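Colleague: quick one: sequence and predicted model below, then my questions.
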Amino acid sequence: MKLELYFGPGACSFVPHFGLEKIKAATGQDFEARTVKLHKGEQRAPEYLALNPNGQVPLLVVDGQPLTQIVAICDFLDRSFPKAGLLPTDAWARSKALSDLAWFNNTVHPTFTHFFMPFKFADDEASQASMKGKSVSQYRKLIERIQDMVKGGTPFLGGAEPNLLDAYALTLYRWGGMTGIDPASIPVLRDYVDQLAKHPAIAAALERERIPLHTYKPA
């Protein structure tokens, strides 16, 4: 099987990036990592839009066939490589993990987007500024919910070993620093992320993407 992952450094594509690193370690299945420079608009290039009309990452190309949307990609990788432990094997636990993964993607992620790219939702600067301020307070509440989830981890959301849900939580934590959330105010989540970063598959993805684990910068 030929696998190609199109990812944007620091974007949610980090989740399947981690998954593919874990698959490689568990099964030997390799993949090609292709960087999409989002800040340069490469996701809007005609050749990329031919593969993914949504103009987003991640994009997984499997034997020449494109697959979009992070939850679908995660589901495919888990079903194709069950030995990698990307999601729980028990039917109920797996469905719960997918439910949380979908919540990360359809609620927490868009809240950050309203902060990071308010120009997508409003034209005038006053509306954009108001939107950014509102999204910061909303995002903090969502990050605190993720911290509550982590408190029940053993030691990770995926159990003894990190899974796809953990990789998404790490990504959302990183984005929190960009909104001005001080890691000292969410110490349980901060320590969990520090522990996650020691996992070889997480570390490999962080290194390839060349992104820092902690993004908070005091004003």
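Modeller: Thanks, I have the structure now.
Colleague: any idea how far apart the tips of stretch 208-219 sit?
Modeller: Its first and final residues considered, stretch 208-219 spans 29 Å by C-alpha to C-alpha, to the nearest Å.
Colleague: now that stretch: buried residues?
Modeller: If you call a residue buried by 16 or more other C-beta atoms under 10 Å, then stretch 208-219 has these buried ones: 209, 213, 215, 216. C-beta here means a position set from N, CA and C on the backbone, and glycine is covered the same way.
Colleague: now swap in stretch 102-114 and tell me
Modeller: 103, 104, 105, 108, 109, 111, 112, 114.
Colleague: in CSV: these, plus pLDDT, secondary structure and distance to residue 23.
Modeller: Output for the buried residues of stretch 102-114, formatted as CSV (pLDDT from 0 to 100; DSSP: H, G, I helix; E, B strand; the rest coil; distance: C-beta to C-beta, whole Å):
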residue, pLDDT, secondary structure, distance to residue 23
103, 98, helix, 24
104, 98, helix, 20
105, 98, helix, 20
108, 98, helix, 25
109, 98, helix, 23
111, 97, helix, 30
112, 97, helix, 27
114, 95, helix, 33
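Colleague: greatest separation within those: which pair is it?
Modeller: Greatest spatial distance among these (C-beta to C-beta): 103 and 114, at 16.4 Å.
Colleague: before we move on, back to that, helices - which of the buried residues of stretch 208-219 land there?
Modeller: residue 209 (DSSP state H).
Colleague: for residue 148, state which of the buried residues of stretch 208-219 is nearest.
Modeller: Looking across the buried residues of stretch 208-219 and measuring by C-beta to C-beta, the closest to residue 148 is residue 216, at 20.0 Å.
Colleague: so for the closest one, what's the nearest residue that isn't a sequence neighbour?
Modeller: Of all residues beyond its chain neighbours, the one nearest residue 216 is residue 177 (3.5 Å), with distances taken as C-beta to C-beta, 6 or more residues apart in numbering.
Colleague: count of neighbours near that neighbour?
Modeller: 17 (other C-beta atoms under 10 Å).
Colleague: doesn't it fall inside a helix?
Modeller: Yes. Looking at residue 177 with DSSP: H, G, I helix; E, B strand; the rest coil, it is inside a helix.
Colleague: re the thing from before, format the buried residues of stretch 208-219 as CSV; extra columns: distance to residue 55 and pLDDT.
Modeller: As requested, the buried residues of stretch 208-219 are exported to CSV (distance: C-beta to C-beta, whole Å; pLDDT from 0 to 100):
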residue, distance to residue 55, pLDDT
209, 20, 98
213, 28, 96
215, 24, 98
216, 29, 97
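Colleague: just put the buried residues of stretch 208-219 in TSV and tack on distance to residue 53.
Modeller: Output for the buried residues of stretch 208-219, formatted as TSV (distance: C-beta to C-beta, whole Å):
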residue	distance to residue 53
209	24
213	33
215	30
216	35
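Colleague: looking at the buried residues of stretch 208-219, which is nearest residue 20?
Modeller: Out of the buried residues of stretch 208-219, the member with the shortest distance to residue 20 (by C-beta to C-beta) is residue 209, at 12.5 Å.
Colleague: test my guess that the closest one contacts residue 15.
Modeller: No. Taking contacts as C-beta atoms under 8 Å, residue 209 lies outside contact range of residue 15: 11.7 Å.
Colleague: burial count for residue 140?
Modeller: 17.
Colleague: does it sit in a helix, a strand or a coil?
Modeller: Residue 140 ends up helix, using three-state DSSP.
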